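**Student:** got a predicted structure here, sequence first:
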Amino acid sequence: MSFKHSYMSFSSRTEPYQRADDVGYALSELLWHNGKPFYPVTALAEARFACARLAQGQFDETDEDNIDLILQMRRSTGGYFFEIILRNDEGTSYGGWAWGHDIALTDEIANGYRVLATHAAGNTFRFARDAATGRYACLDDLPVEKAGRG
């Protein structure tokens, strides 16, 4: 997965669907965790993004309503937090987070969505969408936890 573009740069290569209001609402949710600010706005300004199709099925770049976004936040704790925004015909939602390096889509499907894999410190971590919460969660013992600050 390639994170070539800054989310906040709004260059001519940033498509309207990538900065639409529904995406903005999901971004507002990922800036908070457990009722506390998790990221400063400057972290969002530095975020880089990639487009993917996480739901089961073929990736169609022309289907703008169903292209999921993964934001690579700035490096911390020896890795990156990858924030996930899920989009489908029913709307846009915050899809949880992953942590590590070199996030990749796998061929494995769990609960109708592709499993994500990251690497850090010689370990592989897999993240799958939880049907009950609608968010990605780690299937392995993750060495970091996302906890609100302050």
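**Tutor:** Everything's here; your move. Numbering: from 1, shown residues only.
**Student:** which parts of the longest helix along the chain are buried?
**Tutor:** Taking DSSP state H as the criterion, the chain has its longest helix at helix 21-30. Neighbour counts over helix 21-30 (16 or more other Cβ atoms under 10 Å) mark 23, 26-27, 30 as buried. Yep, even glycine has a C-beta here, placed from its N, CA and C like the rest.
**Student:** what about the helices in this structure?
**Tutor:** Ranges of helices within the chain are 21-30, 41-46, based on DSSP H.
**Student:** got the CA positions of the longest one in PDB?
**Tutor:** It stands for helix 21-30. Taking Å, rounded to 0.1, in the frame of the first residue of the first chain, the C-alpha atoms of helix 21-30 are listed here in PDB:
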ATOM      1  CA  ASP A  21     -18.000  16.100   4.600                       C
ATOM      2  CA  ASP A  22     -18.800  12.500   5.500                       C
ATOM      3  CA  VAL A  23     -15.100  11.800   5.500                       C
ATOM      4  CA  GLY A  24     -14.600  14.800   7.700                       C
ATOM      5  CA  TYR A  25     -17.000  13.400  10.300                       C
ATOM      6  CA  ALA A  26     -15.100  10.100  10.400                       C
ATOM      7  CA  LEU A  27     -11.800  12.100  10.800                       C
ATOM      8  CA  SER A  28     -13.300  14.000  13.700                       C
ATOM      9  CA  GLU A  29     -14.000  10.700  15.400                       C
ATOM     10  CA  LEU A  30     -10.500   9.300  14.900                       C
END
